[in-house]
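Undergrad: sequence and predicted structure, then a few things I'm wondering about:
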Amino acid sequence: MNKKRLIIFGIGLAVAFVLISYLRKDAERLYHITGQTMGTIIYNVKYVDEFADGLDKEISDELVAFNQSLSTYVPTSEISTLNKEGYFEFQSGFFLPVLQKSKDIYQKTDGAFDPSIGPLVQAWGFGPDKRIPNVDSAAVDSLQSIIGFDKVQFDQSKVSLPENFQIDFSAIAKGYAVDVVAELLEARGIENYLVEIGGEVRCRGENDEGKPWSLGIEDPTVSKDEQRLMAIVRLKDLSLATSGNYRNFYEKDGKIYAHIIDPRTGFTAQHNLLSASVFAPDCMTADAYATAFMVLGLDYAKEIIRSQDLDGILIYRSEDGTIESFVSDGIKPFLEMNKAGN
């Protein structure tokens, strides 16, 4: 083959490659699956693919199995059995990873994240019955004796609790469920997706327009009905979870009680942090740290963001009453604030 023919052949291959790539990209479409899990929590799954239709049932079945393992509202779930009997041998693959992650973040936050805090949450009126409590120091001291995730014992096959202990993974479960669905998509070869469950999100790749996924972070100073955004972030290959104390609260005797309970003291957390948005490679990690930051407050949250593989947006009320925000360096290039940043 002479030089001229080689050049023509090479150009032909290049054109064919571009054409095939274009046709494949054109054939890809955005799928959107939505449903309910964990009771009334809405989930949204978006992914871009050419052939991967019909994943609705797979995703739904996976979330049903997840709830059958970790939902305290399912009487026959693994966690309900554990809380009733104090001992359990794992039956699904869901239980051990959440125990391991909980222990890791419990240790890294000096106990600020603690899935055994349920008795205190109930005592302070933020449990299922929502009763306004009458809590004093003696009651808190008594409950502290049945709290502490460091007392939970587990290995690769089983877990056991001290007497009268209860654990509840509600502060990490949504993020974990997001990861479970994301890993299902990846196992099906899907490289571009967004999974959102109850506001916790994991993204990979790009959307159907070939751009990073665009997410909003709510303004914690307005009512939920207003749904005003404080920031827009464009993510690729990251997870996001947000926690706040600005909507779940009650007033008693002229004092405001927010739903964030400090497991280390037994009392409601008192600080100026309004919301914490955490970015991490997996959503379970982001979810747990977002909860912990609302216990720890602004300064300690900043320290952990800087010392761990995390990014964050911390929205807080300054001493003069104005709303301010701290944005870590790693997320700044992908963020558009609607109000003044740090």
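TA: Structure's in. What do you need?

Undergrad: distance of Val295 relative to Ile232?
TA: According to CB to CB, to the nearest Å, Val295 stands 27 Å off from Ile232. Just so you know, the C-beta spots here come from the backbone N, C-alpha and C atoms, and that holds for glycine as well.

Undergrad: neighbour count for these two, which is higher?
TA: Val295 (29 against 14; other CB atoms under 10 Å).

Undergrad: correct me, but Glu50 touches Glu28?
TA: Yes - look at Glu50 against Glu28 with CB atoms under 8 Å: they come within range, at 4.9 Å.

Undergrad: okay, the two: which has more neighbours?
TA: A count of neighbours by other CB under 10 Å puts Glu28 above the other of Glu50 and Glu28, at 15 against 11.

Undergrad: what about Ser142, how many residues nearby?
TA: Neighbour tally, Ser142, other CB under 10 Å: 12.

Undergrad: make that Leu238, sorry
TA: Leu238 has 23 neighbours, counted by other CB under 10 Å.

Undergrad: out of everything not next to it in sequence, what's closest to it?
TA: Phe279 (5.3 Å; CB to CB, 6 or more residues apart in numbering).

Undergrad: neighbouring contacts of the helix or strand hosting that neighbour?
TA: Under the criterion of DSSP states H and E, Phe279 resides in strand 273-280. With CB atoms under 8 Å, 6 or more residues apart in numbering as the test, strand 273-280 has contacts from 217-218, 220-221, 235, 238-246, 285-287, 289-290, 293-294, 297-298, 301, 305, 309-317, 323, 330-331.

Undergrad: need the buried ones from these selected in PyMOL.
TA: Applying 16 or more other CB atoms under 10 Å to those, the buried members can be selected in PyMOL as follows:
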select buried, resi 217+218+220+235+238+239+240+241+242+243+244+245+246+285+286+287+289+290+293+294+297+298+301+305+310+311+312+313+314+315+316+317+331
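
Undergrad: helices - which of the contacts of strand 273-280 land there?
TA: Counting by DSSP state H, the part of the contacts of strand 273-280 found in helices is 285-287, 289-290, 293-294, 298, 301, 305.

Undergrad: give the contact list for the closest residue to Phe334 other than its chain neighbours.
TA: Distances taken as CB to CB, 6+ apart place Arg234 nearest to Phe334, at 5.0 Å, with adjacent residues excluded. Applying CB under 8 Å, 6+ apart to Arg234 gives the contacts 211-215, 334-335.

Undergrad: would you format those residues as TSV with secondary structure included?
TA: Shown next, in TSV, are those (DSSP: H, G, I helix; E, B strand; the rest coil):
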residue	secondary structure
Lys211	coil
Pro212	coil
Trp213	strand
Ser214	strand
Leu215	strand
Phe334	helix
Leu335	strand
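
Undergrad: just the buried ones from those residues?
TA: Judged by 16+ other CB under 10 Å, buried ones among these: 212-213, 215, 334-335.

Undergrad: what's the closest of the residues you listed to Ala139?
TA: Closest to Ala139 out of the buried ones among the contacts of Arg234 is Leu215 (40.7 Å), distances taken as CB to CB.

Undergrad: and the gap between the closest one and Val195?
TA: Distance from Leu215 to Val195, counting by CB to CB: 12 Å.

Undergrad: give me the common contacts of these two.
TA: Taking CB under 8 Å, 6+ apart as the contact rule, Leu215 and Val195 both touch 201, 203.

Undergrad: surely Ile331 touches Gly312?
TA: Yes - assessed by CB under 8 Å, Ile331 is found in contact with Gly312 at 7.4 Å.
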